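J.: Generate a structure from the sequence data that follows.
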Amino acid sequence: MSFNHRIMSTFVAWLIILGFVLVVMVPGLKGGFFFDDEPNIVKNDSVHIEELTIFSLKSSITGPTAGPLGRPVSVLSFAITHYFFGLDPFAFKAVNLAIHCVNGLLVAWLVTLLLQVFNNVRLTDASKRWLPVWVAAIWLVHPINIVPVFLAVQRMTLLSGMFILLALITHLKAQSLSREQRAYWIWLASSWLMFWPLSILSKETGLLFPLYLLAINVFSRLDFTEQKIRKSSVIMVPAIFLLMVAIAMQSFLGWGWLEAGYSMRPFTLIERLLTEARVLWFYTAQIVIPNYSAFGIYLDDFELSTGLFHPWNTIVALIGWCVVIISVWFFRIRYPLLSFSVVWFLVGHSLESTFLPLEIAHEYRNYVPSIGLILGAGYMGVVVLQQLKLDYRKLMITLIFTIPILVLAMFSWMRADQLGNSLVGSQIEAARHPLSARANYSAALALVKNGYGDSGDPIGGQQVKYYFQQAGAADSTFKIGYLGLIIWVCASGREVEKLWVDELASRLEQTALSPRDRDIPSNLLKSLLGMPKCLDRADAIRLFVAGASNPGAKRPLKVNFLEAASDYELLVSVDPQSAKDYLVKALEVTPHNTALRKKLKSFEPIFSSSAR
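T.: Have a look, this model is predicted:
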């Protein structure tokens, strides 16, 4: 086959693949904002810019932060999208889809370079040309990568992935050149000084770039005669950078950041590590042999491992990973690319699925790590097929490699269609994950937003009530389920049950207050201001005080609860003295809060006029 013919056939293949991806993904563009889109985009006024100036862009990154570094690159992209399209969820998702398609091309480019670096892989020229295309096609249509495309805020994951792929590609391009060549330094500078920082500033997972590079250099530079790793700069430099990054992050976050993070979680560090061993096997299964019904937006129904045998498969998962790691080392010489593909997956999860005090599981954490397992599966498939003597060989190979793409695309199309319809999709999600607090809560909200469960709809009301209560029952630390239930009952003219208030107060006071609970004071106050008869005064104040009394609550959140109690007393109970007392308590928590002092001073005219 001539060079021009190969170029043309590859180009046509990419047109078909990208067109196919668009057909599969388009149904999901109809969906609205959900989950973390609300605090980071919808309610984040900082990104709602009306003019495209340096000042407005600079102001956009001053809003709520989603990570220790603020993720300014991602936030700026939200602000620019808002400037051109407003709060149109279609636009945010369409931009995400465009980035995803670009990333697919980068995956193919990276795999092509990897096959050159791992020059001992026993593949034909045709296999080396088409395997990268197949890996990218599978990755593009894989249902595990649906959520980062249609959850608008996960553009953070998409951008960080894009820049980390570019950093790896440019570094490998530099590595293929002589240091005497000018292009070497241009590629190298682009990798380390441009793309790597952009990846980190999109999402902190970009910090893993040196670790990915270290894995590439270790497994592609084995000395097959002496079976030793070459001690060269290509290994030492990434290792040194990793150490420097670890020291810098520790200095930036301080020594108490890990303990503070776990104080907001209903699990300990040990429990998380034990659980993640099982989570990683779940991810692996969903990537290699996906179970459609197991996919989920939230995955908060994953059972916590409280010990080696609770549940029993915890110890099995740990032993399994030990066997995998030993096997990787044992087969590193015979199958370096396959061993590397497993290590790539583990490297990709070394931040979000290990010691950090994050939520237990999310599909979007597999966006970059899944490349490794897909590459490993594709490589082994090609090796096996090359050894088989098949009649109609080209037809058989085409069918064998096309069928997985079609099956995964069907799953993705079904998921995209589900995410494109918030009402139907949320009900499906709750049905598949009945023990997910968030899935049930989202199902209830979707019903309410679509007009179900008002005072004239008793059947819809039963459904809404069921989902809110199920959200509370599924997770003993989940608070917004009962809060949503109380607010909905008041808005629909129904009666609030005392049990709900008692349970919410108990959870506010005794269970860990997570980041998702930070809006409870303002949401509760807003509802009580609009519906003053929703709760009696004692119950309302009880909820505010319960949150402020939580021993694990951070100072800003305690202040928010006390300030909300003050506003309630002043505006609903019309009791200035009580309102002032709660402000004084809030000021005791943060004595140097100038805004609280100014607000407290505003009470002076009220008391001076009453004294006269």
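J.: Going by C-alpha atoms from here, please, whenever you check contacts or count neighbours.
T.: Fine.
J.: which regions of the stretch 251-400 of the chain lie under the pLDDT threshold?
T.: 251-255, 389-399 (pLDDT under 70).
J.: Let's see that with 80 instead.
T.: By pLDDT under 80, the weakly predicted segments of the stretch 251-400 of the chain are 251-260, 385-400.
J.: Also the stretch 1-150 of the chain?
T.: For the stretch 1-150 of the chain, residues meeting the criterion pLDDT under 80 lie at 1-10, 63-69, 119-122, 126.
J.: Repeat the analysis, applying 90 as the threshold.
T.: Low-confidence segments of the stretch 1-150 of the chain (pLDDT under 90): 1-17, 34-36, 38-39, 43-45, 52-71, 118-130.
J.: Now stretch 15-33: buried residues?
T.: Under the neighbour-count criterion of 16 or more other CA atoms under 10 Å, stretch 15-33 has 17-18, 20-22, 24-33 buried.
J.: again, but for stretch 115-123
T.: For stretch 115-123, the neighbour count (16+ other CA under 10 Å) marks 115, 117, 118, 121, 123 as buried.
J.: go on, stretch 266-278?
T.: 266, 267, 268, 269, 271, 272, 273, 274, 275, 276, 277, 278.
J.: With stretch 566-580 instead?
T.: The neighbour-count check on stretch 566-580 (16+ other CA under 10 Å) flags 566, 567, 568, 569, 570, 572, 576, 578, 579, 580 as buried.
J.: export these to CSV and tack on secondary structure and pLDDT?
T.: Output for the buried residues of stretch 566-580, formatted as CSV (DSSP: H, G, I helix; E, B strand; the rest coil; pLDDT from 0 to 100):
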residue, secondary structure, pLDDT
566, helix, 91
567, helix, 91
568, helix, 92
569, helix, 90
570, helix, 88
572, coil, 90
576, helix, 86
578, helix, 90
579, helix, 89
580, helix, 87
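J.: Report the two of the residues you listed separated the most.
T.: Farthest apart among these by CA to CA are 572 and 580. That separation is 13.9 Å.
J.: which stretches of the stretch 501-612 of the chain aren't confidently modelled?
T.: Residue ranges of the stretch 501-612 of the chain with pLDDT under 90: 512-519, 532-534, 551-556, 570, 573-577, 579-581, 583-584, 586-612.
J.: does residue 372 really touch residue 344, like I thought?
T.: Yes. The pair residue 372 / residue 344 is scored as a contact, 5.3 Å apart, by CA atoms under 8 Å.
J.: any residues in contact with both of these two?
T.: With contacts taken as CA atoms under 8 Å, 6 or more residues apart in numbering, residue 372 and residue 344 have no neighbour in common.
J.: Kindly list the longest helix within this structure.
T.: What stands out as the longest helix in the chain, according to DSSP state H, is helix 89-117.
J.: So which elements touch the next helix or strand after that one?
T.: Elements were assigned by DSSP states H and E; along the chain past helix 89-117, the next helix or strand is helix 125-141. In terms of contacts (3 or more CA pairs under 8 Å, 6 or more residues apart in numbering; DSSP states H and E), helix 125-141 is packed against helix 3-25, helix 89-117, helix 370-387, helix 393-419.
J.: how about the strands of this structure, start to end?
T.: Ranges of strands within the chain are 222-223, 228-229, based on DSSP state E.
J.: If I average pLDDT within each of the ones you listed, which one is lowest?
T.: Between the strands of the chain, the lowest average pLDDT goes to strand 228-229, which shows a mean of 44.
J.: Domain ranges for the chain, per the record?
T.: Domain ranges of the chain: 3-33+87-418, 421-471, 476-611, per automatic domain parsing.
J.: Adding distance to residue 39, write these out as JSON lines.
T.: Listed next are the domains of the chain as JSON lines, based on distance: least, CA to CA, whole Å:
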{"stretch": "domain 3-33+87-418", "distance to residue 39": "9"}
{"stretch": "domain 421-471", "distance to residue 39": "15"}
{"stretch": "domain 476-611", "distance to residue 39": "9"}
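J.: Of those domains, give the one that comes closest to residue 70.
T.: Per CA to CA, nearest to residue 70 of those: domain 3-33+87-418, 7.4 Å.
J.: Provide a list of residues in contact with the most centrally placed residue in the chain.
T.: A centroid search over the chain (CA atoms, centre = their mean) returns residue 364, at 5.1 Å, as the residue closest to the centre. Neighbouring residues of residue 364 by CA under 8 Å, 6+ apart: 144, 145, 147, 148, 154, 157.
J.: do you know how far it is from residue 146?
T.: 8 Å (CA to CA, to the nearest Å).
J.: Over to residue 182?
T.: Note on residue 182: its distance to residue 146, by CA to CA, is 41 Å.
J.: More neighbours: which of those two?
T.: Set residue 182 next to residue 146 and count neighbours by other CA atoms under 10 Å: residue 146 wins out with 26 against 11.
J.: Isn't that one up against residue 411?
T.: No. Counting by CA under 8 Å, residue 146 stays clear of residue 411, with 9.9 Å between them.
J.: thinking again about what came up before, what is the most widely separated pair among the buried residues of stretch 115-123?
T.: 117 and 123 (13.1 Å).
J.: count of neighbours near the closest residue to residue 191 other than its chain neighbours?
T.: Counting by CA to CA, 6 or more residues apart in numbering, residue 191 lies nearest to residue 167, which is 4.2 Å off, once chain neighbours are set aside. Close neighbours of residue 167, defined as other CA under 10 Å, add up to 29.
J.: Please apply the same query to the one 5 residues further on.
T.: Residues near residue 172, counting by other CA under 10 Å, number 23.
J.: quick one, what contacts it?
T.: residue 113.
J.: when you give positions from now on, start the count at 48
T.: New numbering, starting at 48: the last item is residue 219.
J.: and it, how far is that from residue 354?
T.: As defined by CA to CA, residue 219 lies at a distance of 43 Å from residue 354.
J.: So what touches stretch 478-489?
T.: 340-341, 343-348, 473, 476-477, 514-515, 517-522, 525, 528.
J.: That stretch: how far from the chain's middle?
T.: Chain-centre distance of stretch 478-489: 18 Å, with CA atoms, centre = their mean, to the nearest Å.
J.: Rebuild the contacts of residue 411 as JSON lines, extending it with distance to residue 336 and neighbour count.
T.: Shown next, in JSON lines, are the contacts of residue 411 (distance: CA to CA, whole Å; neighbours: other CA atoms under 10 Å):
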{"residue": "191", "distance to residue 336": "11", "neighbour count": "28"}
{"residue": "192", "distance to residue 336": "14", "neighbour count": "22"}
{"residue": "194", "distance to residue 336": "18", "neighbour count": "23"}
{"residue": "195", "distance to residue 336": "20", "neighbour count": "25"}
{"residue": "201", "distance to residue 336": "24", "neighbour count": "20"}
{"residue": "204", "distance to residue 336": "23", "neighbour count": "24"}
